[in-house]
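K.L.:
Dropping a prediction and its sequence here:
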Amino acid sequence: MLLIFHNILSFGIAYAGMSFAEYATHRWMLHMNTVVGFFPNTQFVKDRLKDHAVSHHSHFYKCFRREDHPEGKHVGLFIPVSFYVYLLIAVGGPLLFVDWLTAAYFVAFTVGHYFVWNKFHEVMHFDTLPWYVLVPVSGWWFRFVEYYHFLHHQHRNKNFNAFLPLWDWLLSTLAEETELDRLVWRLVNAGEFVDRKGRPILTAPAICAALLENNQPERRLTCSSTIS
């Protein structure tokens, strides 16, 4: 009985810890200037903020499941392995001296987050359906976190948790679903190329065709990034 309680407690502490690391990084490093304020001369931190808050959320991915720019579709999409190495050293290491089982669960959550969340994030934005999102357990979790993350794209100051929800509830940043969110989700699932307000998005070829029809052949787009 004591071993069972130890496992449950260690699992819960490790889950809460990794969930907070995910939340804090996403909110205060990737969407706000909080971390930049502590490290104003660190280009790595500035680049991560720009890649995620500006490029991923504003310039690219106006449509949740589609981005035509061949390079832009990858910007701000993956959490670098250095982040997880830092977590293992800064949190997992000290935990070994407190409780080895909690440390083991934390390492498992950290490694799992690197592989599973990065792949889930890619799949939901690239609109692909590999086998692991179709099987019962992982498929259910994928569908849950996909919609949870979709609401984050609808409301950028909400749903900072991504793969391990907890702290959005505790810190009152849980997104409240609206009728517009449900409408956009239905359109996206129907294969429509729409922005977060449900408006159709013109691709670069469509815009070029419109310019030609309006006798503006001298104007050319240099990339296929979506423009709303």
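P.N.:
Looks like it arrived, so ask away. Numbers count the residues shown, from 1 in each chain.
K.L.:
okay, and for the protein, where does confidence drop off?
P.N.:
By pLDDT under 70, the low-scoring segments of the chain are 203-228.
K.L.:
remind me, longest helix of this protein?
P.N.:
Secondary structure of the chain read by DSSP state H shows that its longest helix is helix 2-24.
K.L.:
Need the residues that contact that one.
P.N.:
The contact list for helix 2-24 (CB atoms under 8 Å, 6 or more residues apart in numbering) reads 87, 91, 99, 101-102, 104-106, 108-110, 113, 117, 160-168, 171. C-beta coordinates here come from the backbone N, C-alpha and C atoms, glycine included.
K.L.:
Please state the offset of it from the chain centre?
P.N.:
Centroid separation between helix 2-24 and its chain, computed with CA atoms, centre = their mean, to the nearest Å, is 22 Å.
K.L.:
what packs against the helix or strand just after that helix?
P.N.:
Using DSSP states H and E, the helix or strand that follows helix 2-24 towards the C-terminus is helix 34-38. Packed against helix 34-38 by the contact rule (3 or more CB pairs under 8 Å, 6 or more residues apart in numbering; DSSP states H and E) you find helix 43-49.
K.L.:
and the helix it packs on, what other elements does it pack with?
P.N.:
Under the contact criterion of 3+ CB pairs under 8 Å, 6+ apart, helix 43-49 touches helix 34-38.
K.L.:
buried ones in the helix it packs on?
P.N.:
The neighbour-count check on helix 34-38 (16 or more other CB atoms under 10 Å) flags Val35, Val36 as buried.
K.L.:
got the CA coordinates for that helix in CSV?
P.N.:
Presented in CSV, the C-alpha positions along helix 34-38 are these (Å, rounded to 0.1, in the frame of the first residue of the first chain):
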residue,chain,number,x,y,z
THR,A,34,9.2,38.3,-18.9
VAL,A,35,12.2,36.0,-19.5
VAL,A,36,13.7,38.5,-22.0
GLY,A,37,13.7,41.0,-19.2
PHE,A,38,15.9,38.8,-17.1
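K.L.:
Sweet, I'm off.
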